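Trainee: Could you look at this predicted model? Sequence included:
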Amino acid sequence: MSCISHPSQLSGQKISSINISSIINNNHNNNNLKTPNQITPSPFKCHLLQYPSLSFTSQASHLLQIHHNPLQLHQNPLSKTTIIRPIKPISLRPAQTSLSHHSPKPSESTPTQSPQQAQVHLVQPHQAQALCSLPQRHKRSPYSLNPHLQDLKLFSHKLNACEASETALSAALEELPHPPTRENALLILNSLRTWEKTHLFFNWLKTQNLFPLDTIFYNVTLKSLRNGRQYQLVDDLVSEMIEQGIDLDNVTYSTIITCAKRCNLYDKAVEWFERMYKTGVLPDEVTYSAILDVYARLGKVGEVVSLYERARAGGWRPDPIAFAVLAKMFGEAGDYDGIQYVLQEMKSLGVEPNMVVYNTLLEAMGKAGKPGLARSLFEEMIEVGLSPNEKTLTALVKIYGKARWGKDALELWERMRSNKWPMDFILYNTLLSMCADLGLEKEAEKLFDDMKGSARCRPDSWSYTAMLNIYGSGGKVDKAMGLFEEMMRCGVKLNVMGCTCLIQCLGRAKQIDDVVRVFGVSMEKGVKPDDRLCCCLLSVLTFCEEDEIDKVLGCLEKANPKLVEFVKLLGKKEVSFDMVKENFRGILNDSVIEARRPFCNCLIDVCRSQNLYERAHELLYLGTLYSLYPGLHSKNDREWSLNVRSLSVGAAQTAFHEWMRTLSKAVERQEALPKLFSVHAGAGTHKFSQGLASSVALQLEKLSAPFQPNQEQPGCFIATREDVISWVQTRVPSTANLSTEDDGYQKANVATRKQENLETITAFVKPNSLCNILVCIITNMEGGRFGLVETKSFTVGPSNSVPDGSFFNLTAENIVTLLMASSQSPAQV
DNA sequence: TTAGGGTTAG
């Protein structure tokens, strides 16, 4: 199997720059660990600049200030803060004592320090390492020393098995084998599996009044309730602690914060974090990671960085979990600098990444579009002796698939088999998706068969969808339909993506009756049509014979009636451009962002398939207007180019036609032209998506356009200034010898935007017909690009002023005025 | 696994 796109250009030097372990080792070897405030100051600045508005808008800002300046905490009038229980003097954690058993290095904690002294040090980061005594866990009860361990465990099993009701539990508790001492009760409380049981047992303990239920009992119960995602009960229980004067510690706070987080109640999580500060409990490493993750999930990158920085300045030494949180956040944001920053920080602090950190970093590298760095990170992970798990491999397979790195993907797969690395069904499905990305049909079939033969990883709807994608994209319509029938037989649920892949394949094969049948069955089976499916149905319209169109529109009607209405409207001659614009805007507003460009592409294709060239041009204009095609045109002194890579075949043809018009006008006006012109259709790295470049090539040939394939860049066509000029001149007058498309173009309406936006205006007249006057306007888009040429049929109307912003009908006077204003000769008019 | 934090799928 040949490598489809191997990034041999990736320099080893770059890769080695992220070699964490080697850097860490160097640091150790050189005895060269930096103090926190010597550490990589620039990435911070970079992030602070990147997120300029990162000041805390909530109370947390104020509270964090307190953290920095503890004196202020004491001066701060208590009445101004919501006191939920008497404020405790801030002190280092009790863990101090256990630290003393720890033979601290000279740089570590000095337990004799008073809390006040310690707090003053918080504002001096370079000395703050002395305060890194927080990550000491409480001593856990030595359960194994409990003489009744076995009995009590057996009894817990009974409780777990009994009905979850107060009476059933009370009855079961009659048979308690040993007196419910504090230790015995805690052991049982910890052994109960469901939150209902834990809650019932906890309440039973309260009614027994055997001993005071302290923070630990509450914390254990809270954890169990959190597992059941019972935020309200957690909240109630914590309020109860406050009322009863039972101390809330870091465990309590981190449990309630993560409970709120798991219930997606991020605001509550932040609220509890703030309350924690108000009551004088300082977060420790666990609470920091928990709250950083909350801010990260809220997408508040600035807050995370700021809190991280403050916590670091306060002496906190982040651990692998904190770095996993940061790495995930930067990955989600596709922020490569952020990922580098995490790596730098780990390096500076000498924190060795564990498996989860590696997995998170791999995932992040993938999201930031750095497959080469992901690959070297993976190799580094293997080198340091970590064995990849299912998640590691899933991340990497996904990255190679998306990057179309066939060689790496297949090599990895081979290693997975020879090393017997662990597989699960998600990894299987990801491998199948990778095969779909790379067009590896045979390999996918092998995997799919493996899954069918395995006990643990039977193919599910994801697996079938991936196979439908492979067969669908490869045009294997019979195999795809066979899979569909198999799914129906085996009761595998068809999902919307599978349905879309299949319908697309059937449409291309012009099996319109099957399209209708599959769509009908899918709806019956509960598939909820989404924008992509609608888009797919639209594209099926382009493959329809005249008598089949209504069948497909019938399907689309069930999924998106507004879209059907719009398609019908496009075909009506009397419908004005303004109406198209208005309705199209409505369609776009109702659709998800990712589907907007495909919608526009498909609608242009539909118009062209029905010879509605005028509408196609209008839609392309609107698509540009609504920023669906950024970077379509670019222009500098040396080169003008047209980039149609994100366009459908029909949209690309429309755009090319428009562009040719622009070039013709530029030649006619004897404008300064660049040396080079280029059209980019893309290399089509996807095995199944190489149609665009060939269709562009065909169009160029048909028009005898002087663009030649660029040998150095597949999918790119170039022409010299001289060739373009001579070609254009053979086509002069540009209004003569009209092709069908030119006719459509000629009939198109004249439109313009307000005058300041106009970069170039040109007009020409088709003899003997006022209605055929065309005004071509190039809008001056942001970023130095010029938008496409717009035309609108010219009607003589009463208006003689240029309205602001929107489209309007031009009078002859308008045109002359516009041409004068833009220093163009009105002679042609 | 024994009071608290982090990672896998169009």
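Mentor: Arrived safely.

Trainee: State which helix of chain A is the longest.
Mentor: Identified as the longest helix of chain A according to DSSP state H is helix A:649-668.

Trainee: Now do the same for it: mean pLDDT, whole number.
Mentor: Helix A:649-668 shows an average pLDDT of 91 in the prediction.

Trainee: Give the next helix or strand downstream of it.
Mentor: Next helix or strand after helix A:649-668 toward the C-terminus (DSSP states H and E): strand A:676-680.

Trainee: touching DNA strand B at all, stretch A:364-382?
Mentor: No - against DNA strand B, stretch A:364-382 shows no contacts by Cβ under 7 Å from any atom of the strand, the least distance being 9.3 Å. Where you see a C-beta, it was placed from the backbone N, CA and C, and this is true even at glycine.

Trainee: In that stretch, which residues are buried?
Mentor: By 16 or more other Cβ atoms under 10 Å, the buried positions in stretch A:364-382 come out as A:364-368, A:370-378, A:380-381.

Trainee: One more: stretch A:381-400?
Mentor: Buried positions in stretch A:381-400, judged by neighbour count with 16+ other Cβ under 10 Å: A:381, A:384, A:386, A:388-400.

Trainee: picking that back up, the inter-axis angle of the longest helix of chain A versus strand A:676-680?
Mentor: With axes from the mean of the first three to the mean of the last three Cα atoms, to 10 degrees as the basis, helix A:649-668 and strand A:676-680 are set at 170 degrees to each other.

Trainee: Now do the contacts for residue A:481.
Mentor: Residues in contact with residue A:481 (Cβ atoms under 8 Å, 6 or more residues apart in numbering) are A:502, A:506, A:514.

Trainee: What of residue A:674?
Mentor: Applying Cβ under 8 Å, 6+ apart to residue A:674 gives the contacts A:635, A:636, A:637, A:638, A:639, A:640, A:721.

Trainee: What residue, apart from its backbone neighbours, is nearest the second one spatially?
Mentor: Yep, that's residue A:636 we're talking about. residue A:674 (7.1 Å; Cβ to Cβ, 6 or more residues apart in numbering).

Trainee: ok, now which ones touch residue A:683?
Mentor: A:693, A:713, A:714, A:715.

Trainee: Counting neighbours, which of these comes out on top?
Mentor: The most crowded member of these, judged by other Cβ atoms under 10 Å, is residue A:693 (23 neighbours).

Trainee: what about that one, distance to DNA strand B?
Mentor: As judged by Cβ to the nearest atom of the strand, to the nearest Å, residue A:693 and DNA strand B stand 23 Å apart.

Trainee: In terms of helices and strands, where is that residue?
Mentor: Using DSSP H and E, residue A:693 falls in helix A:691-702.

Trainee: mind listing the strands in the stretch 201-350 of chain A by residue range?
Mentor: Listed in chain order, the stretch 201-350 of chain A contains no strands at all (DSSP state E, counting those that start in this stretch).

Trainee: Next to DNA strand B, which bits of it? Give me the list.
Mentor: Checking the stretch 201-350 of chain A against DNA strand B by Cβ under 7 Å from any atom of the strand, the hits are A:215-216, A:219-220, A:223, A:249-251, A:253-255, A:258, A:261, A:283-290, A:293, A:318-322, A:324-325, A:328.

Trainee: quick revisit: next, the angle helix A:691-702 makes with the longest helix of chain A.
Mentor: 40 degrees.

Trainee: Just the mean pLDDT for the helix holding residue A:693, thanks.
Mentor: Mean per-residue pLDDT for helix A:691-702: 88.

Trainee: For it, which residues meet the burial criterion?
Mentor: Going by neighbour count (16+ other Cβ under 10 Å), the buried part of helix A:691-702 is A:692, A:693, A:695, A:696, A:697, A:699, A:700.

Trainee: in chain A, what secondary structure element scores lowest on mean pLDDT?
Mentor: Lowest on mean pLDDT, DSSP states H and E among the helices and strands of chain A sits helix A:70-75, with a mean of 25.

Trainee: pLDDT and distance to residue A:627 added to the contacts of residue A:481, as TSV?
Mentor: As requested, the contacts of residue A:481 are exported to TSV (pLDDT from 0 to 100; distance: Cβ to Cβ, whole Å):
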residue	pLDDT	distance to residue A:627
A:502	95	32
A:506	96	33
A:514	96	37
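
Trainee: ok, and which of these reach DNA strand B?
Mentor: Of the contacts of residue A:481, not one also sits near DNA strand B (Cβ under 7 Å from any atom of the strand).

Trainee: What is the nearest of those residues to residue A:618?
Mentor: residue A:506 (30.0 Å; Cβ to Cβ).

Trainee: Any regions of the stretch 601-750 of chain A where pLDDT drops low?
Mentor: Where the stretch 601-750 of chain A drops to pLDDT under 70, the residues are A:684-690, A:732-750.

Trainee: Just the C-alpha atoms of the helix holding residue A:693, please, in CSV.
Mentor: The C-alpha trace of helix A:691-702 is given here as CSV (Å, rounded to 0.1, in the frame of the first residue of the first chain):
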residue,chain,number,x,y,z
GLY,A,691,-13.5,15.0,-8.9
LEU,A,692,-13.1,18.7,-8.5
ALA,A,693,-9.7,19.2,-10.1
SER,A,694,-10.7,17.0,-13.1
SER,A,695,-14.0,18.9,-13.6
VAL,A,696,-12.1,22.2,-13.5
ALA,A,697,-9.6,20.8,-16.0
LEU,A,698,-12.5,19.8,-18.2
GLN,A,699,-14.1,23.2,-18.0
LEU,A,700,-10.8,24.9,-18.9
GLU,A,701,-10.4,22.7,-21.9
LYS,A,702,-14.0,23.4,-23.0
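
Trainee: List the contacts of it.
Mentor: Contacting residues not belonging to helix A:691-702 are listed as A:644-645, A:647, A:649, A:652-653, A:656, A:679, A:681-684, A:705, A:707, A:709, A:714-715, A:717 [Cβ under 8 Å, 6+ apart].

Trainee: 7 Å - rerun?
Mentor: Residues from elsewhere that reach helix A:691-702 (Cβ atoms under 7 Å, 6 or more residues apart in numbering): A:644, A:649, A:652-653, A:656, A:679, A:681-682, A:684, A:707, A:709, A:715, A:717.

Trainee: Redo the residues you listed as CSV? Include distance to residue A:433.
Mentor: Below are the contacts of helix A:691-702 laid out as CSV (distance: Cβ to Cβ, whole Å):
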residue, distance to residue A:433
A:644, 27
A:649, 25
A:652, 27
A:653, 31
A:656, 33
A:679, 32
A:681, 26
A:682, 21
A:684, 19
A:707, 36
A:709, 32
A:715, 25
A:717, 32
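
Trainee: Return the member of those nearest to residue A:419.
Mentor: residue A:684 (34.1 Å).

Trainee: Return the subset of the buried residues of stretch A:381-400 lying in helices.
Mentor: A:381, A:390, A:391, A:392, A:393, A:394, A:395, A:396, A:397, A:398, A:399, A:400.
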